[in-house]
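Undergrad: the following comprises the amino acid sequence and a computationally predicted model.
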Amino acid sequence: MNSLAEVVGAALPLAVAVALSPLPIIALALLLTSDRGRASGVTFVVGRLLALAALLGVVVAASDVVEHLLGSSELPAWVRIVLGAALMVLGLTQWRPKPEGEAASLPGWLAAIADASPARGLVLGALVTVANPKELAFVLAAGVSVGGAALGVVQEVVVVLAFVLVGGLSVVVPLVATLLAPARVVPWLDRLREWLTANTSLVMGVLLLVIGATVLGNAIGEL
């Protein structure tokens with residue numbers, strides 16, 4: 001049986017990977033640097049945090065049910081081996097050099113969110129979380145680890161909250177900073193958005209390879 005501290009320690013690297021996912025940061029930067037984006041930025045962050053909590057909660061509950069039905073404590077380790085290998089393969093697919101002279105660009109739907117209303121911001125915050133396959137892979141790996149650790153319900157809730165807190169830092173911090181000192185933060189957000197737009201594949205490729213190797217190594221060590 002894993003202790004709560006061990007499970008939190010295993011989940012936090014995955015939460016950091018979620019936090020470093022470029023797409024939500026780019027979306028928030030577009031909102032916060034627009035004319036009407038402050039209120040929409042707040043609802044966007046709320047939507048993202050709620051979606052992260054809901055996703056991880058569902059995976060943890062499903063993992064608990066599967067382990068109970070099969071009566072196997074080894075299943076989560078084997079699942080994490082598959083997930084770790086899949087993350088590494090997914091990471092390798094990100095290394096696609098752009099044709100020479102091709103400028104980085106945003107998906108059309110993302111470029112159009114700058115004028116989103118607060119209600120739409122809430123929905124977008126959830127969508128960039130649940131519709132992002134790479135983030136879903138991180139959440140799935142974390143949920144399987146938590147669900148297979150034989151923790152109590154209260155302990156699982158603690159891990160989910162810790163995961164959401166860390167995974168949401170990359171949107172919570174810019175939001176709070178913008179609300180407190182917009183004149184200083186908005187130009188920095190513009191530069192960050194431009195850099196992430198140009199280097200999204202590089203960032204996600206590195207994250208997927210590192211986290212995949214970590215998940216794979218830890219799971220193999222448990223067999």
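TA: Alright, I've got the coordinates.

Undergrad: following the helix or strand of the chain with the lowest mean pLDDT, which helix or strand comes up?
TA: The weakest-scoring helix or strand in the chain, judged by mean pLDDT, DSSP states H and E, is helix 108-111 (a mean of 62). As assigned by DSSP states H and E, the chain's next helix or strand after helix 108-111 is helix 118-130.

Undergrad: restricting to C-alpha, output that following helix in CSV.
TA: Output of helix 118-130 as CSV, limited to C-alpha atoms (Å, rounded to 0.1, in the frame of the first residue of the first chain):
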residue,chain,number,x,y,z
PRO,A,118,-17.3,35.5,-19.7
ALA,A,119,-19.8,32.6,-20.2
ARG,A,120,-17.9,31.5,-23.3
GLY,A,121,-14.7,31.9,-21.4
LEU,A,122,-15.9,29.3,-18.9
VAL,A,123,-16.8,26.8,-21.6
LEU,A,124,-13.4,27.4,-23.4
GLY,A,125,-11.5,26.8,-20.2
ALA,A,126,-13.1,23.4,-19.9
LEU,A,127,-12.8,22.6,-23.6
VAL,A,128,-9.0,23.3,-23.9
THR,A,129,-8.7,20.8,-21.0
VAL,A,130,-11.0,18.0,-22.0
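
Undergrad: what about the helices in the chain?
TA: Here the chain has its helices, by DSSP state H, at 4-19, 22-32, 37-70, 75-93, 108-111, 118-130, 133-147, 153-167, 169-180, 182-222.

Undergrad: just put these in TSV and tack on mean neighbour count.
TA: C-beta coordinates here come from the backbone N, C-alpha and C atoms, glycine included. Listed next are the helices of the chain as TSV, based on neighbours: other CB atoms under 10 Å:
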stretch	mean neighbour count
helix 4-19	20
helix 22-32	25
helix 37-70	19
helix 75-93	18
helix 108-111	11
helix 118-130	20
helix 133-147	24
helix 153-167	19
helix 169-180	17
helix 182-222	17
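
Undergrad: rank those helices by mean pLDDT and give me the bottom one.
TA: Sorting the helices of the chain by mean pLDDT places helix 108-111 lowest, at a mean of 62.

Undergrad: any idea how far the closest residue to V16 other than its chain neighbours is from A126?
TA: Of all residues not flanking V16 in the chain, V166 sits nearest, at 6.2 Å (CB to CB, 6 or more residues apart in numbering). Using CB to CB, to the nearest Å, V166 is found at 19 Å from A126.

Undergrad: same question, R191
TA: Remark: distance between R191 and A126 (CB to CB) = 27 Å.

Undergrad: ok, back up a step: what residues are up against the residue nearest to V16?
TA: 12, 15-16, 18-19 (CB atoms under 8 Å, 6 or more residues apart in numbering).

Undergrad: wait, V123 touches L50, no?
TA: No: assessed by CB atoms under 8 Å, V123 is found out of contact with L50, at 11.0 Å.

Undergrad: nearest to A86 among the contacts of V166?
TA: Nearest to A86 among the contacts of V166 is V18, at 16.2 Å by CB to CB.

Undergrad: which non-adjacent residue is nearest the closest one?
TA: V18 sits nearest to G167 (CB to CB, 6+ apart), 3.8 Å away.

Undergrad: list the contacts of that neighbour.
TA: For G167, the contacting residues are 15-16, 18-19, 52, by CB under 8 Å, 6+ apart.

Undergrad: farthest pair in those residues?
TA: The most widely separated members of these, counting by CB to CB, are V16 and L52 (13.0 Å).
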